[in-house]
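A.B. asks: whatever this is, show me its structure:
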Amino acid sequence: MRTQTAQLNYLKMAPRKVRLVANALKGLSVSEAEARLLLMPQKAKEPLVKLLRSAVQNAKNNQGMEVQKLFIKAIQVDEGPMLKRFMPRAMGRATPIHKKSSHVFLRLEESEVLRPTRFKIEVRKKISKSKAKKMTAKTEKEKPEARREIKEAGKPVEKTGFIKRMFRRKSI
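C.D. replies: Down below sits the predicted model:
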């Protein structure tokens, strides 16, 4: 059994919040773990997705492991250094503010059995605004009749002003 480890140090998030997301990934295959992470609403998902993708690429390129056989053997979130600040309060007092950080440790392992993949994750490439304009211009050139129909259907609607709306209301 070959393993691949990846570490993320000094993540500026409280370990309690990161553990909430990380504990849901233990024992899952890499593709399923990535799919779950992408659907989570928590903010901690972004650095964990980045860490997982990095570990998968390292396992693939450096050790020649098969991506389909990889699964998350262990994921551990430890407490990092804490920045201590103070907020002034009433009557000359001060309240401590602890800005917590965390260290994430991820270990991938290659299983003997090929697990069936339930998800296919496609990473979308970002398109620049100029390319997007060119693509829309091409589609408009191909269908001039469709543009005419849209213009005719979308006739300008008479806008009502504030005064008309005010006096249109029913009095109580």
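A.B. asks: give the buried residues for the helix or strand hosting Ala74.
C.D. replies: Element membership for Ala74, per DSSP states H and E: strand 70-79. Within strand 70-79, the residues that count as buried by 16 or more other Cβ atoms under 10 Å are Leu70, Phe71, Ile72, Lys73, Ile75, Val77. No exception for glycine: its C-beta is placed from N, CA and C like everyone else's.
A.B. asks: what is the next helix-or-strand element following it packed up against?
C.D. replies: Heading C-terminal from strand 70-79, the first helix or strand you meet, by DSSP H and E, is strand 83-88. Helices and strands touching strand 83-88, by 3 or more Cβ pairs under 8 Å, 6 or more residues apart in numbering; DSSP states H and E, are strand 94-99.
A.B. asks: I'd say Asn9 and Phe105 touch.
C.D. replies: No. Under the criterion of Cβ atoms under 8 Å, Asn9 is not in contact with Phe105, lying 9.3 Å apart.
A.B. asks: neighbour-wise, which of these two wins?
C.D. replies: Counted by other Cβ atoms under 10 Å, Asn9 and Phe105 do not tie: Phe105 has more neighbours, with 16 against 12.
A.B. asks: look up which residues are beta-bridged to that one.
C.D. replies: Gln7, Gln76 (DSSP bridges).
A.B. asks: which residues does the residue lying closest to Ser101 once chain neighbours are set aside contact?
C.D. replies: Counting by Cβ to Cβ, 6 or more residues apart in numbering, Ser101 lies nearest to Gly80, which is 3.6 Å off, once chain neighbours are set aside. The contact partners of Gly80, taken as Cβ atoms under 8 Å, 6 or more residues apart in numbering, are Asn9, Tyr10, Leu11, Pro15, Lys100, Ser101, Ser102, His103.
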